[in-house]
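In: fold the stuff below for me.
(chains A, B, C and D)
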There are 2 protein chains.
Amino acid sequence: MNKHDQLNMIKKDFINCKKVLSAIGDETRQSILLVCMETDCQTGLRVGEITAKTHLSRPAVSHHLKVLRDAGVILMRKEGTKNFYYINVRTKLGLLKTLVSNIETFMQNYHRSNEI
Amino acid sequence: MNKHDQLNMIKKDFINCKKVLSAIGDETRQSILLVCMETDCQTGLRVGEITAKTHLSRPAVSHHLKVLRDAGVILMRKEGTKNFYYINVRTKLGLLKTLVSNIETFMQNYHRSNEI
DNA sequence: TTGAATAGTTTAACTTGACGAACCATTAGT
DNA sequence: ACTAATGGTTCGTCAAGTTAAACTATTCAA
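Out: This is a model prediction of the structure:
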């Protein structure tokens, strides 16, 4: 693959990652994710439970969950009126690794000079 | 390493990555990075050159370069009044891979159930 | 079918970040 | 010292994101 193609791939990676980057770049959403991980939430956590474990209001939690869901970082399961949120194991976070790897490869190929 | 330690590591990863995430999550800064990569900028690019290759004003470029620099994504070299910016090969981007890997490991250990 | 529980949506205030104009600081050359 | 070139900084403005209050929608149980 030539330089031009590599650059185009990185451009596409950036587009793919944009939502994930801004989703998990936010401190509030990071704490929501940590709450999900801390809890034995194989069954998922409800909005109310997350609200109780943070300093946030329910609408705020709802908003951030939507952002995380749009980014593919978490998934939701409905049960009656209850919505259970849980981390998506086959997560879009993997895209970040792809992006970084592609940048690293590009730099090794074309910008070795500043690898002092 | 136990669950608690793993979670603490991920918390630290989040803190380490915060700047990088918001730095490269921004579309404008992504395009600045791409300009740096497109150009054979082993010697680095000057602010004026980046301004010319984008739709941005010089102060805007200067601002974004500062953000990228604070995040450790790019480096600067001064030569007289000229400042040359170039991508940091030993970049902090690697931190992102660490973060994602640690999350993936954690999920595999403690949340296998939703790995359908 | 009514009431309670759960959670999403809308609205408006607030906060944060991005932008460009104007200004200031530093260096090189004369 | 003076001038030109380069680029960082400050400031006011505008746009985008975040928040909580109030409201709406859905489901379950009696």
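
In: where do the strands sit along chain A?
Out: For chain A, applying DSSP state E gives strands covering A:45-46, A:74-79, A:82-87.

In: deepest-packed of the ones you listed, please.
Out: Highest mean neighbour count among the strands of chain A (mean count of other Cβ atoms under 10 Å in any protein chain shown): strand A:45-46, with a mean of 21. Glycine gets a C-beta too; all of them are placed from N, C-alpha and C.

In: show me what it is packed up against.
Out: Where contact means 3 or more Cβ pairs under 8 Å, 6 or more residues apart in numbering or on different chains; DSSP states H and E, strand A:45-46 is packed against strand A:82-87.

In: just want the angle from the strand it packs on to strand A:74-79.
Out: Counting by axes from the mean of the first three to the mean of the last three Cα atoms, to 10 degrees, strand A:82-87 lies at 160 degrees to strand A:74-79.

In: is DNA strand C within reach of strand A:82-87?
Out: Yes. Contact of strand A:82-87 with DNA strand C is found when judged by Cβ under 7 Å from any atom of the strand, involving A:K82, A:N83.

In: the top helix by length along chain A and DNA strand C, are they touching?
Out: When chain A is parsed with DSSP state H, its longest helix is helix A:3-25. No. Figure legend: helix A:3-25 not in contact with DNA strand C (Cβ under 7 Å from any atom of the strand); closest approach 9.9 Å.

In: make JSON lines out of the strands of chain A and add distance to DNA strand D.
Out: As requested, the strands of chain A are exported to JSON lines (distance: least, Cβ to the nearest atom of the strand, whole Å):
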{"stretch": "strand A:45-46", "distance to DNA strand D": "13"}
{"stretch": "strand A:74-79", "distance to DNA strand D": "7"}
{"stretch": "strand A:82-87", "distance to DNA strand D": "8"}
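
In: dump those to CSV, plus mean pLDDT.
Out: Shown next, in CSV, are these (pLDDT from 0 to 100):
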stretch, mean pLDDT
strand A:45-46, 93
strand A:74-79, 91
strand A:82-87, 92
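
In: got a markdown table for these, with distance to B:T81 too?
Out: Output for the strands of chain A, formatted as a markdown table (distance: least, Cβ to Cβ, whole Å):
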| stretch | distance to B:T81 |
| --- | --- |
| strand A:45-46 | 55 |
| strand A:74-79 | 49 |
| strand A:82-87 | 50 |
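
In: great, nothing more from me.
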